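> Turn this into a model:
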Amino acid sequence: MTRRAIDSKTRDLSRSPASALLWWGLPLIAGMLTNVLPVATTGVAAVWTVALVWMGVGCGLNALRCGRLHCYIAAPALLVGAAAVALAASGLAPFPMPPLSLLINGALGVALLSFLVEPIWGMYAARASRRSPQEQAPGPHSH
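Predicted structure coming up:
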């Protein structure tokens, strides 16, 4: 295992049970509780908007910290989902919006499906700024 891979693994927020629970477990639990508790539609939208933003920020931070490939895809999907839920619930969308459940499940579905790229391209994206000089490929103009 290369030093870069070890550094990425140790910086991955999802490797720590406490941070995984904080960034992704608690927001999911809060959102799912809206299915079983008597919560008005605006409350459901508010809880899921905050939950999706929270998870999206967690993925964004994780992508920056360790280069987790799934997080590069999931972060924008979750944040766009949060914006769509907020727009739909507020009635401010300039076009007809699908039901909240479709927006929420769509954002979560894209985030979940983004794990499928990792077996193909690896868990961590290679970033030139984190590579050692020995790992960097020579440019087209190097002699």
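> roughly how far out does stretch 59-69 sit from the chain middle?
Centre-to-centre, stretch 59-69 and its host chain are 9 Å apart (C-alpha atoms, centre = their mean, to the nearest Å).
> Other residues contacting it?
By C-beta atoms under 8 Å, 6 or more residues apart in numbering, the residues outside stretch 59-69 that reach it are 7-9, 11-14, 23, 70-72, 74-75, 78-79, 111, 114, 117-118, 121-127, 130. (Glycine included, C-beta is placed from N, CA and C.)
> likewise stretch 85-100?
If you take C-beta under 8 Å, 6+ apart as the criterion, stretch 85-100 is touched by 41-42, 44-46, 48-49, 52, 84, 103-104, 107.
> Return the set of buried residues in that stretch.
85-89, 97, 100 (16 or more other C-beta atoms under 10 Å).
> Can you list the low-confidence ranges for the protein?
1-9, 127-143 (pLDDT under 70).
> Mind jotting down where the helices sit in it?
Ranges of helices in the chain, per DSSP state H, are 3-11, 17-20, 26-36, 41-66, 69-90, 100-113, 118-121.
> what about the closest residue to V80 other than its chain neighbours, how many neighbours?
The shortest distance from V80 to any residue other than its chain neighbours is 6.9 Å, reached at A107 (C-beta to C-beta, 6 or more residues apart in numbering). Residues near A107, counting by other C-beta atoms under 10 Å, number 26.
> how much space between A107 and P119?
From A107 over to P119 the distance is 22 Å, taken as C-beta to C-beta, to the nearest Å.
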